[in-house]
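[1] Need a 3D model of the following:
(one chain, ligands or ions: 2)
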Amino acid sequence: MLLEVRDLHVEFRTRDGIAKAVNGVSYGVDAGETLAVLGESGCGKSVTAQAVMGILDTPPGRITGGEVLFQGRDLLRLREEERRRIRGAGMAMIFQDALSALNPVLTVGDQLGEMFVVHRGMSRKDARVRAVELMERVRIPGAAQRVRDYPHQFSGGMRQRIMIAMALALEPALIIADEPTTALDVTVQAQVMDLLAELQSEYHMGLVLITHDLGVVADVADRIAVMYAGRIVESAPVHDIYKAPAHPYTRGLLDSIPRLDRKGRQLYAIKGLPPNLMAIPPGCAFHPRCPLARDVCRTDVPPLYEVSAERASACHFWRECLHGRS
Ligand code: SF4
Ligand code: MG
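    Numbering: from 1, shown residues only. Ligands and ions are numbered 1, 2, ... in the order given. Just a heads-up that it's a prediction; the model follows:
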């Protein structure tokens, strides 16, 4: 396994108390595989990724337990210096907002080139050549000229391509992309997602794709891990999830995507809001919103039940959910 997160716990100290952002998350991704981590905002998916990348704000954040194995080594037990080396070359991250992730006062050519100067010891001139090549790889028209432009001179979609180019520069084994297309128009979203998927398979990288939108992952993910209130509530191959979810929350997410075969029907929305992480409901955290909830759900935390060899669900009534009685 390229990346294996085991029983990760993260807390945030706030003035009002402790927010339990990540409560025992485990997931893994292999080389050449795409794992989509799905959930509403505040479910802990980004915080988990930040802990994996070593960019969590500490304080107020604090990793209180677990392991992050990257190529077999626990990153949480490495010295900062070693950690930084892995972060530079072994793994890279793509963020939602390229405009704030890129340096506004440097041309994109200088920013891309900097990666090769700093990490590969290249001359400025050679680094510039590589920067143009990378921009061509992510299909930026007129790369040889546009290498002299600043981030704000590009459209949102083109800027996101530049972020992908930055992430790819050192050919990392793993990329974590946090809502990489959320800020873009729907058609541009699809183009950027296709490009990312294509490069991921070409470079045989592991990709962790964090999103709140189940609609964007159908064609690109191999597996999906659904998070709710800091836990994984369902984990399964993507086709299984689309065929029949084994958790009512996943079902709710699935029913809320617009689909051609349901044209004209009103879109479903999961009722209520995700819980306050300082006061996670007892029992199953999803029970206040769940159409299948009954007494046991209010008292007993559901473990991750094994649905099949490749699939798990944290619902006491996963069988009912799977067979559509909800
Ligand atoms: Fe719903 Fe109960 Fe399953 Fe939680 S355990 S998802 S409340 S049916
Ligand atoms: Mg987020």
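[2] need the residues of the stretch 151-300 of the chain near ligand 1, please.
    H247, P248, C284, F286, H287, C290, L292, A293, C297 (Cβ under 6 Å from any ligand atom). All C-beta spots, glycine's among them, are computed from the backbone N, C-alpha and C.
[3] try 8 Å this time
    For the stretch 151-300 of the chain, the residues in contact with ligand 1 (Cβ under 8 Å from any ligand atom) are 233, 247-249, 283-287, 290-294, 296-298.
[4] Just the ones of those in strands?
    V233 (DSSP state E).
[5] From the residues of the stretch 151-300 of the chain next to ligand 1, list just the buried residues.
    Among those, those buried by neighbour count (16 or more other Cβ atoms under 10 Å) are 233, 247-249, 283-287, 290, 292-293, 297.
[6] Those residues in helices, which ones?
    Among those, the residues falling in helices (DSSP state H) are P248, Y249, C297.
[7] With respect to A89, which of those is nearest?
    Lowest distance from A89 to these (Cβ to Cβ) belongs to Y249, with 36.8 Å.
[8] what separates I241 from D185, distance-wise?
    Going from I241 to D185 by Cβ to Cβ, to the nearest Å gives 26 Å.
[9] Compare the two (neighbour count), which wins?
    More neighbours surround I241 than the other of I241 and D185, with 27 against 12 (other Cβ atoms under 10 Å).
[10] buried set for stretch 68-75?
    In stretch 68-75, counting by 16+ other Cβ under 10 Å, buried: V68, L69, F70, L75.
[11] about what we covered before: could the buried ones among the residues of the stretch 151-300 of the chain next to ligand 1 go into CSV alongside pLDDT and distance to G44?
    As requested, those are exported to CSV (pLDDT from 0 to 100; distance: Cβ to Cβ, whole Å):
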residue, pLDDT, distance to G44
V233, 98, 11
H247, 97, 16
P248, 96, 19
Y249, 96, 14
G283, 97, 18
C284, 98, 16
A285, 98, 11
F286, 98, 14
H287, 97, 18
C290, 97, 19
L292, 95, 23
A293, 97, 21
C297, 98, 20
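[12] Columns secondary structure, pLDDT and distance to ligand 1 on top of the buried residues of stretch 68-75, output as JSON lines?
    Shown next, in JSON lines, are those (DSSP: H, G, I helix; E, B strand; the rest coil; pLDDT from 0 to 100; distance: Cβ to the nearest ligand atom, whole Å):
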{"residue": "V68", "secondary structure": "strand", "pLDDT": "97", "distance to ligand 1": "28"}
{"residue": "L69", "secondary structure": "strand", "pLDDT": "97", "distance to ligand 1": "29"}
{"residue": "F70", "secondary structure": "strand", "pLDDT": "96", "distance to ligand 1": "32"}
{"residue": "L75", "secondary structure": "helix", "pLDDT": "95", "distance to ligand 1": "32"}
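[13] Need the max-distance pair from those.
    It's L69 and L75 that sit farthest apart of the buried residues of stretch 68-75, by Cβ to Cβ, at 7.6 Å.
[14] wait, what's in contact with P104?
    Y150, P151, H152 (Cβ atoms under 8 Å, 6 or more residues apart in numbering).
[15] Show me what counts as buried in the lengthiest helix in the chain.
    Longest helix in the chain by number of residues (criterion: DSSP H): helix 186-203. Neighbour-count burial for helix 186-203, counted by 16+ other Cβ under 10 Å, picks out V188, Q189, Q191, V192, M193, L195, L196, A197, L199, Q200, Y203.
[16] try stretch 142-158
    A143, R146, V147, D149, Y150, P151, F154, G156, G157, M158.
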